[in-house]
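**Student:** turn this into a model:
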Amino acid sequence: MIDSPKLPGSAGEGAAGRDSHKSSRRRFIQAGITATPVIMTVISGPVLANGVGKACESPSAFASINASPHGTPATCNGVSHGYWKTHTPWPSPFSPGDLFNSVFTAGGYPGLTLDAVLNLGGGAPYEDIARNIVGALLNTAAGLNPPSVMTIALIKDIWNQYRSTGHYVSGPIDWGHDQIDAWLQSTFT
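**Tutor:** Just a heads-up that it's a prediction; the model follows:
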């Protein structure tokens, strides 16, 4: 006849076995509690020392899959298009009454002002990009995004190409709607 194995805490093991089992469980739980902050530290991304802004990149760096950036990343402090709907004065040389089509040569919104474009619903084709383009334009004019990441000329070029062809192309970059939108939003805090 084969004896059944004695499990920890089973009859016949005695108090010493049960205490050993409890001690083992306690060590396991304590180890888990100690390891949690380490795991959380590894998972969390870098935080800027000043607590303001976030790391951002030029379109070419944003499009790159290089996982080991060199140097200190640029810091963007841009705000979303929604901010500019309710805050004035706007940075020079722009004002809420400027016609969108006079700022962006490819147009798309005849008779609408920059402010009116900010207030578009975003559901129709081009509307969400147009709102974010105006937000990025104002952020850049206000100096909230560094010129190494974004310039007014670049913003105008992105909109003009996108409105004319449905894409923004520059060197190896060939972005459609989703990539343009992701990059613009990456410059907002």
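
**Student:** quick one, domains of this protein?
**Tutor:** Structural domains of the chain, as assigned by automatic domain parsing, span the residue ranges 8-45, 54-66+75-186.

**Student:** ranking these by mean pLDDT, which is last?
**Tutor:** Per-stretch averages of pLDDT across the domains of the chain put domain 8-45 at the bottom, with a mean of 49.

**Student:** wasn't D174 part of a strand?
**Tutor:** Yes. With DSSP: H, G, I helix; E, B strand; the rest coil as the criterion, D174 is part of a strand.

**Student:** leaving out chain neighbours, which residue sits closest to it?
**Tutor:** Excluding its sequence neighbours, the residue lying closest to D174 (Cβ to Cβ, 6 or more residues apart in numbering) is H167, at 5.9 Å. Every residue, glycine included, has its C-beta placed from N, CA and C.

**Student:** and the pLDDT for A49?
**Tutor:** Model confidence at A49, given as pLDDT, is 33.

**Student:** how about the helices in this protein?
**Tutor:** 14-43, 59-63, 81-86, 100-103, 114-118, 127-141, 152-165, 177-186 (DSSP state H).

**Student:** what's the shortest one in contact with?
**Tutor:** Right, the one you point to is helix 100-103. Where contact means Cβ atoms under 8 Å, 6 or more residues apart in numbering, the residues beyond helix 100-103 that reach it are 94, 107-114, 116-117, 130, 134, 137, 156.

**Student:** buried ones in it?
**Tutor:** Burial within helix 100-103, assessed by neighbour count using 16 or more other Cβ atoms under 10 Å, is assigned to F100, N101, V103.

**Student:** likewise for the third one?
**Tutor:** With burial defined by 16+ other Cβ under 10 Å, the residues of helix 81-86 counted as buried are H81, W84.

**Student:** coming back round to it: kindly tell me how buried the residue nearest to D174 is, as a neighbour count.
**Tutor:** Each residue near H167 was counted by other Cβ atoms under 10 Å, and the total is 15.

**Student:** residues touching it, list them.
**Tutor:** Each residue near H167 by Cβ under 8 Å, 6+ apart is listed here: Q161, D174, W175, G176.

**Student:** now swap in L114 and tell me
**Tutor:** For L114, the set of contacting residues under the criterion of Cβ under 8 Å, 6+ apart consists of F94, S95, P96, G97, D98, L99, F100, V103, V134, L137.
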